[in-house]
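Q: Return atomic coordinates for the entry below.
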Amino acid sequence: MVIKRKISKGKYALAIVLTSIVLVLGLTLGMLFDNLRIKWAETENIAQEVDYLSMQFQFLYLTTLQDKNASCSVLQTTMERSIHDLSESLQTFIKYKENSKINQKEYELVGRRYILDNLKYWLLAKKTKEECDLDVVNILYFYSEKNCQKCPDQGVILTYFKKIYENKLLVFPIDVDYEINEPIITILKKQYEINKYPTLIIENNKYGGIQNNEKLKKIICNSFKNEDETCS
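A: I've put the predicted structure just below:
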């Protein structure tokens, strides 16, 4: 004899309702956290823009002075700190973006803004070096989060040397994954004929592929005007 089980439609309906509520809450919380992260990134962008304008004004002001040594020293320290903060903010933003599947368009816009901020600081650093005769080395670092498995290794090596040379080494990371929506990346790639990643532009000289500790140390040391004690 076959026993027919009585299906409780009420229980199934309740289960469907509860599941729907959980899904909606999950999506809502995800959107809420994403919006909070985007607002954080936008706030960071505004702060970086104000810092950049401040340093730009400092640069213009010191060009009017007779004795620039003191002003240049302060400007260099301020610039190095701001660039360090910008780099940390960018890495935090990238982690946020990787963990999100919502608000991708907004994240894309904020990411482009970070790229442009890096390039603005790079140009200002080059001008400041010329005007103040600073003995610093500027590195434009092209990498890809999506299509370069070795790029993180280069990032670790750059971080290592950044800790050694501190404010004498300025690193500006450029994520080429944003190229599809950011034309300046295409312009720079054509200018420096970049066709592989990672690529480093060190004082307008191109170095394609991974530069290990020994090679990069030699390049950096040769780029200083005066021999640094860590290079001997």
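Q: Can you classify Asn138 as helix, strand or coil?
A: Recorded secondary structure, Asn138: strand (DSSP: H, G, I helix; E, B strand; the rest coil).
Q: if we look at the sheet, which residues does it bridge to?
A: Leu170 (DSSP bridges).
Q: Per-residue pLDDT of Arg113, please?
A: The score at Arg113 is 82. That number is its pLDDT.
Q: If you tally nearby residues, what's the number for it?
A: 19 (other C-beta atoms under 10 Å). C-beta: built from backbone N, CA, C; applies to glycine.
Q: same thing with the one 5 residues further on?
A: For Asn118, the neighbour count with other C-beta under 10 Å is 22.
Q: Spatially, what comes nearest to it if we skip its sequence neighbours?
A: Nearest non-adjacent residue to Asn118, counting by C-beta to C-beta, 6 or more residues apart in numbering: Phe172, 4.6 Å away.
Q: Run a quick neighbour tally on that neighbour.
A: Phe172 has 22 neighbours, counted by other C-beta under 10 Å.
Q: element containing it?
A: Following DSSP states H and E, one finds Phe172 within strand 169-175.
Q: Can I get stretch 146-156 as PDB, trimmed to CA atoms?
A: The C-alpha coordinates for stretch 146-156 follow below in PDB (Å, rounded to 0.1, in the frame of the first residue of the first chain):
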ATOM      1  CA  LYS A 146      43.800  40.900 -14.500                       C
ATOM      2  CA  ASN A 147      46.400  39.900 -17.100                       C
ATOM      3  CA  CYS A 148      49.700  39.800 -15.200                       C
ATOM      4  CA  GLN A 149      50.400  37.100 -12.700                       C
ATOM      5  CA  LYS A 150      54.000  38.300 -12.100                       C
ATOM      6  CA  CYS A 151      53.000  42.000 -11.500                       C
ATOM      7  CA  PRO A 152      52.400  41.500  -7.700                       C
ATOM      8  CA  ASP A 153      56.100  40.300  -7.400                       C
ATOM      9  CA  GLN A 154      57.200  43.600  -9.000                       C
ATOM     10  CA  GLY A 155      55.000  45.400  -6.600                       C
ATOM     11  CA  VAL A 156      56.600  43.700  -3.600                       C
END
